[in-house]
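**Q** Dropping a prediction and its sequence here:
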Amino acid sequence: MKPYRLTDDEKRSLLTTARHAIREAVLFLAPAYPDPTPSLRENRGVFVSLHIDKRLRGCIGSVSYTHLTLPTKRIV
């Protein structure tokens, strides 16, 4: 498998989407997700870390694609 690199635009899009998803879940709002780029549609692992005041508060994910990453696809 070739190395996978996100573009700066993809990184910004994912960070913004993750922040909005957390906010919308806490406020019980309907999520709005941007259209992903073709490379973000590929089956990949997903890992998210949540930091508050530079301290790790939680994390979840898998570094490789599994059936458990399927619910995360709605974010991207």
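**A** Thanks, I have it.
**Q** And residue 11, how far from residue 26?
**A** 23 Å (Cβ to Cβ, to the nearest Å). No exception for glycine: its C-beta is placed from N, CA and C like everyone else's.
**Q** whoops, I mixed them up, residue 51
**A** From residue 51 over to residue 26 (counting by Cβ to Cβ), the distance is 16 Å.
**Q** try residue 52
**A** 13 Å.
**Q** do the same with residue 14
**A** Counting by Cβ to Cβ, the gap from residue 14 to residue 26 is 19 Å.
**Q** ditto for residue 20
**A** 11 Å.
**Q** all strands of this protein, in order?
**A** For the chain, the strands defined by DSSP state E occupy 46-52, 55-62.
**Q** got the contact list for stretch 49-56?
**A** 22, 57, 58, 59 (Cβ atoms under 8 Å, 6 or more residues apart in numbering).
**Q** now swap in stretch 15-24 and tell me
**A** For stretch 15-24, contacts defined as Cβ under 8 Å, 6+ apart pick out 29, 30, 31, 32, 33, 34, 48, 50, 75, 76.
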